[in-house]
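Engineer: structural data only, the sequence is not supplied:
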């Protein structure tokens with residue numbers, strides 16, 4: 001073959017390969033198994049494959065763990081016990097409203113251990129809108145495709161007279177009824193891990209497209225011969241039929257937190273559609289949501305990581321509302337047990353997600369953010385408090401009063417259409433009281449904080465310094481929202497003053513935040529490497545930077561820019577030493593920091609995730625550009641061990657998405673994004689208002705990680721931040737990237753992002 005023919009063939013192959021890549025849609029890059037190779041002692045994400053629609057009310061998953069195990073799917077497992085409807089936001093919070101379906105052949109096996117089948121990841125396909133796996137012990141294949149409140153199952157059986165499906169409504173109170181003449185099973189599950197009223201139930205309906213030749217109900221894994229209906233601690237059903245080789249049996253499944261009738265109403269989401277039509281509808285839904293951001297790169301693994309993180313960023317908070325027969329939006333309230341009008345969302349912890357997950361929704365999906373804010377108002381109206389950790393109702397977890405950030409950020413960005421005055425009232429309530437039963441809702445220690453300016457270390461309130469730092473930022477959020485609402489000056493003055501309370505914990509000797517006793521003396525002895533104690537899942541080196549709203553104030557306390565930079569550098573230069581005595585052992589967050597080889601930087605947990613961006617506040621943005629690239633390339637992969645700690649309801653994923661685009665909301669409520677450096681050669685955000693924001697960095701590479709110059713809509717741009725409302729106008733950001741840092745760009749005080757002490761004092 002001559003050279004000319006070889007070149008022609010090579011060109012044809014290149015065009016063919018390019019065409020194949022071009023046909024890929026955003027959803028095709030998602031790996032729902034990213035982060036699933038986790039365990040209690042070490043989290044690589046602590047995720048499960050959520051087979052769902054974006055923000056869907058119900059998720060589905062293959063269940064490898066035992067009933068009640070928060071680690072319900074782990075990549076290292078080799079047996080599947082069932083396919084579970086799940087609402088679990090985190091293994092540490094666990095699940096609620098759960099039941100499972102398990103097909104089998106040959107011999108009916110009910111209990112979760114004996115019915116489990118071997119499976120292989122080689123015969124498993126997981127996509128956001130579709131899951132398929134071969135169950136080897138039964139020679140059958142299970143497929144699932146979901147809607148927001150339903151799921152379509154397709155079982156492909158071998159030739160057998162003994163094909164079965166077992167429905168497990170789980171323990172702690174359940175009900176099941178078989179209706180053979182309708183090929184139907186209905187039931188409810190009450191299995192939950194907290195945060196629900198006494199009348200909580202998840203009602204389900206399952207319709208098969210093949211008549212039953214066998215049907216029984218069971219209790220505590222024992223068949224009951226004389227009934228078609230059963231209510232007890234732990235019940236379920238088993239149905240069976242004869243099948244030909246390759247015969248496909250379908251089941252349409254829906255559930256409701258309101259009633260059986262509403263579950264039937266929810267089943268109309270599938271209606272008369274086929275499995276394939278439902279699957280294609282799910283694919284389109286995901287491509288619509290994921291396609292709001294288009295990234296281009298030569299490295300497919302980076303595309304896979306980006307879209308896998310974007311997928312995780314649009315799962316939580318989940319819808320907790322339904323649409324009734326009259327077309328009205330209604331919800332069962334996990335706060336008072338009533339069925340009420342309007343939106344409600346749940347399964348998120350604001351300690352994690354205030355940082356960038358909610359700002360991400362507000363930028364890219366503001367219409368969804370609007371619904372979420374209405375849902376937050378409903379939570380306040382129904383319970384007297386905004387949530388801090390909801391699953392599905394108030395849960396006792398973490399610290400802070402960061403609902404103030406979530407509410408204020410949306411209002412200041414003009415997302416909120418609900419009654420903002422009433423929402424502000426809710427912020428004042430939460431800032432000056434604590435929930436009577438759930439002490440992590442509202443402000444534990446508010447009396448001390450309001451009187452002394454901090455929560456004391458020695459008054460038996462754990463993690464006091466972390467609470468103080470977050471309360472101070474939350475007070476700033478209240479001040480900002482109140483200012484826009486035109487609230488009275490004397491009221492604003494209270495929160496404007498309190499937002500400086502972080503200063504009360506600054507120790508000039510160590511230049512770090514430190515617990516303080518009620519008498520005004522600092523906690524002694526003090527070990528800045530001690531995790532927990534005065535801080536939350538971190539140490540003083542991690543939490544000292546939690547002055548989101550007044551970085552300049554922190555710079556001044558430390559003695560100026562040079563010392564501030566030195567302290568930032570120290571986080572990476574220090575060895576990964578730690579003191580775990582507060583916990584009595586190494587918690588997984590400590591281990592994840594230790595093995596990351598990034599010094600004392602603990603990206604696997606939330607308190608420090610904004611820290612790298614703080615170099616922009618002292619005129620050394622190139623250091624942020626260096627460490628952001630290191631974090632993205634070293635700590636994120638599109639693999640089962642792809643995260644460097646708990647993914648946490650989209651926060652750690654949204655960090656990646658924002659950072660890959662080249663900017664990040666260090667201080668929600670400021671309407672600013674601090675510039676890092678783009679990760680891709682090109683990214684385009686399709687804004688809901690019809691505008692496009694194009695981010696171009698043609699020379700981008702791991703070597704060319706530094707910004708030489710930035711051109712914003714045709715003009716040289718030197719600032720280290722971007723304004724939210726400017727971005728909404730669309731436009732073009734063109735980054736000229738280089739392998740050497742430009743130490744003359746972004747160095748003027750006028751280039752620095754917002755700080756209260758400089759901009760608002």
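Structural biologist: Received it, and whenever you're ready, just let me know what you need. The shown structure was predicted, so the numbers you read here are calculated from the model rather than taken from an experiment. Numbering: from 1, shown residues only.

Engineer: CA only for contacts and neighbour counts going forward, please
Structural biologist: Fine.

Engineer: need the per-residue pLDDT for the nearest residue to residue 485 once chain neighbours are set aside.
Structural biologist: In space, not counting the residues next to it along the chain, residue 485 is nearest to residue 421; the distance is 7.5 Å by Cα to Cα, 6 or more residues apart in numbering. Looking at residue 421, its pLDDT stands at 98.

Engineer: and for residue 421, the neighbour number?
Structural biologist: 13 (other Cα atoms under 10 Å).

Engineer: Three-state assignment for it, please.
Structural biologist: Classification of residue 421 using DSSP: H, G, I helix; E, B strand; the rest coil returns helix.

Engineer: got it, and residue 268?
Structural biologist: helix.

Engineer: ok, it - how many residues close by?
Structural biologist: 13.

Engineer: mind checking how far it is from residue 465?
Structural biologist: Using Cα to Cα, to the nearest Å, one gets 51 Å for the distance from residue 268 to residue 465.

Engineer: do the same with residue 149
Structural biologist: 42 Å.

Engineer: neighbour count for the two, which is higher?
Structural biologist: residue 465 (29 against 25).

Engineer: so the more buried one versus residue 590, what's the distance?
Structural biologist: Taking Cα to Cα, one finds residue 465 at 19 Å from residue 590.

Engineer: next: residue 213.
Structural biologist: Separation of residue 213 from residue 590 (Cα to Cα) stands at 55 Å.

Engineer: could you do residue 95 as well?
Structural biologist: Counting by Cα to Cα, the gap from residue 95 to residue 590 is 25 Å.

Engineer: how about residue 101?
Structural biologist: Applying Cα to Cα to residue 101 and residue 590 gives a distance of 37 Å.

Engineer: check what pLDDT residue 225 gets.
Structural biologist: Note on residue 225: pLDDT of 85.

Engineer: scratch that, residue 153
Structural biologist: With respect to pLDDT, residue 153 has a value of 98.

Engineer: could you look up the SS state of it?
Structural biologist: Under three-state DSSP, residue 153 comes out as strand.

Engineer: next, count neighbours for it.
Structural biologist: When counting by other Cα under 10 Å, one arrives at 24 neighbours for residue 153.

Engineer: confirm for me that residue 643 is in contact with residue 632.
Structural biologist: No - assessed by Cα atoms under 8 Å, residue 643 is found out of contact with residue 632, at 10.2 Å.

Engineer: neighbour count for the two, which is higher?
Structural biologist: Taking neighbours as other Cα under 10 Å, residue 643 and residue 632 compare with residue 643 leading, 30 against 17.

Engineer: how near is the more buried one to residue 45?
Structural biologist: Here residue 643 is placed at a distance of 5 Å from residue 45 (Cα to Cα).

Engineer: intersection of neighbour lists for the two?
Structural biologist: Among the neighbours of residue 643, those also in contact with residue 45 (Cα atoms under 8 Å, 6 or more residues apart in numbering) are 34, 35.

Engineer: contacting residues around the nearest residue to residue 738 once chain neighbours are set aside?
Structural biologist: Leaving aside its sequence neighbours, residue 738 sits nearest to residue 704 (Cα to Cα, 6+ apart; 4.3 Å). By Cα under 8 Å, 6+ apart, residue 704 lies in contact with 737, 738, 739, 740.

Engineer: please name the nearest non-neighbouring residue to the last one.
Structural biologist: Spelled out, that is residue 740. residue 706 (6.3 Å).

Engineer: repeat for the third one
Structural biologist: In space, residue 739 comes closest to residue 704 once its chain neighbours are excluded; the distance is 4.0 Å by Cα to Cα, 6+ apart.

Engineer: which one of residue 213 and residue 590 is surrounded by more residues?
Structural biologist: When neighbours are counted by other Cα under 10 Å, residue 213 and residue 590 differ, and residue 590 comes out ahead with 26 against 14.
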